[in-house]
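Visitor: Here is the input, now give the coordinates:
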Amino acid sequence: MVTEHTRAKTDGDDGQPTDGERALERTNGDRASGRATSSDGTSGRANGDSAPGRASTAGADEHDDPYEIRLYEPRDRASFLELYDLVLGEQDEAWFAWKYEENPYTDHVPIVLATADGEVVGAKPCFALELRAGSETVIGYQPADVMVHPDHRRRGLYSRTTERMKAHYREREPSLFFNFPNQATLSGSLKHGWQVVEEVPTHYRVQRPAAIVDATSARRTRLARLAQPLADGYHAVKDALAGAPSDVTVERLESVPVETFVDLYERSIPRTLHANRDERFYEWRFENPTWTYDAYVATRDGEAVAGVITGSRVRDGSRITTLTDVVPLGESDGRAAGLHAILARVLADHTDADLVSVSGDVVPETLLERFGFHSDGAFPLARVSSRTTQVAYPIVDDGGHEWTVAGRAIADPANWTVGYAEQDTS
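Guide: Numbers count the residues shown, from 1 in each chain. Purely as a prediction, here's the structure:
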């Protein structure tokens, strides 16, 4: 899938992404973490292929089992980060504290570990969010940053940590798991009972073609350089033709005006499942220390009509900007004009970005096309990217109705509104 996801692999992933795929993967979801892991290649059953704790692997005596499958404890932080650095790339304690310890939607660190000789060799963490559908709210856990040490792959650790996670939370607060596995990990999710919801579209504005070509190919690199003036001219024409509404002003802010964004969100709350954008959400979600966020507010006749939060970072030499949050999520007076004006301002402010991207349907596709964005499901991006597949798994039954949470069938794409704000972030 073309997303934030990862550079590293775990069990069973034999395919290497191209440099172009890596560049595109770094943009999605403002997440850039933990999806480049893969199924561990075991033949365990979808439900209960291992018992909690020191459950034995198939055919092994439990006394010979070198692994302990257990919940995270505070003493595990350093060992977890060492494994993360090895498998997924460097992260620090500030990031871990923000994402897991200070997450306002859980009272603990929701990570299942596999340890050997006291060291963390596998992990199944969850990124917690409060989801809303109409007037109802539930807690959803998003498996992310899944990893297995290279020396301990193909030993069932992916399956065992997954089943322990399911068993532990079955009688606890979260109502469902939902996440966005790449093609390498999708089969593992399906094996353990997840169902596909949909392929979430991603639209990219490729401002530097060299960012998405295979750097090992001298021919493609030369072609990308030759294409740069064409790309510059193409986007200049698109921007000139798209223009911006003359009766809308846009203000850029370095911090999120929480009350303004909550007010804009509450003007048109979808009846579909999505992240609940209340004060708690805005005060925490955009404090991720690995990204730089800017808030844009569009105003018409003195009234805020739309808002966008962008996330930017440089990774592996590529500068990425994502439209991480968009409000209102539904139609409201002035929204269309406000988003038009904001998009024009964002692109003017981020001419140095190699890629600008938007996930889901939170911005009208017709508006994105006017500004030169292209879908990852169509030529030419489909040639260098893989789609973002959303999957889900219910932890509790809603009034006895399996696969229904907050009155919504969670495997039905019509019951979701998903953008980058709903997706895991590194």
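Visitor: Against which helices or strands is the biggest helix by length in the chain packed?
Guide: In the chain, with assignment by DSSP state H, the single longest helix is helix 218-242. Packing contacts for helix 218-242, counted by 3 or more CB pairs under 8 Å, 6 or more residues apart in numbering; DSSP states H and E, involve helix 335-349, helix 365-370. No exception for glycine: its C-beta is placed from N, CA and C like everyone else's.
Visitor: Just say which of the ones you listed is most tucked in.
Guide: helix 335-349 (a mean of 21; mean count of other CB atoms under 10 Å).
Visitor: so it versus helix 218-242, what angle?
Guide: Inter-element angle recorded for helix 335-349 and helix 218-242: 130 degrees (by axes from the mean of the first three to the mean of the last three CA atoms, to 10 degrees).
Visitor: what's the spacing between helix 335-349 and its chain's center?
Guide: Helix 335-349 sits 23 Å away from the centroid of its parent chain (CA atoms, centre = their mean, to the nearest Å).
Visitor: swap in stretch 380-391?
Guide: 14 Å.
Visitor: got a list of what the spatially closest residue to I111 that is not a sequence neighbour touches?
Guide: Distance criterion CB to CB, 6 or more residues apart in numbering; nearest residue to I111, sequence neighbours excluded, is Y72 at 3.8 Å. Residues near Y72 by CB atoms under 8 Å, 6 or more residues apart in numbering: F80, H108, V109, P110, I111, V112, L113, P125.
Visitor: Would you check how far apart Y72 and E365 are?
Guide: From Y72 over to E365 the distance is 41 Å, taken as CB to CB, to the nearest Å.
Visitor: S426 now?
Guide: 27 Å.
Visitor: Same check on R172?
Guide: Relative to E365, R172 is positioned 39 Å away (CB to CB).
Visitor: Check A295 too.
Guide: Distance, A295 to E365, by CB to CB: 24 Å.
Visitor: Which residue ranges of the stretch 1-150 of the chain form helices?
Guide: 19-25, 77-87, 93-96 (DSSP state H, counting those that start in this stretch).
Visitor: comparing those helices, which gets the lowest mean pLDDT score?
Guide: Least confidently modelled of these is helix 19-25, at a mean of 56 by mean pLDDT.
Visitor: pLDDT weak spots in the stretch 251-400 of the chain?
Guide: Judged against pLDDT under 70, the stretch 251-400 of the chain has no low-scoring part.
Visitor: can you pull out the helices in it?
Guide: When assigned using DSSP H, counting those that start in this stretch, the helices of the stretch 251-400 of the chain occupy the ranges 258-266, 279-285, 335-349, 365-370.
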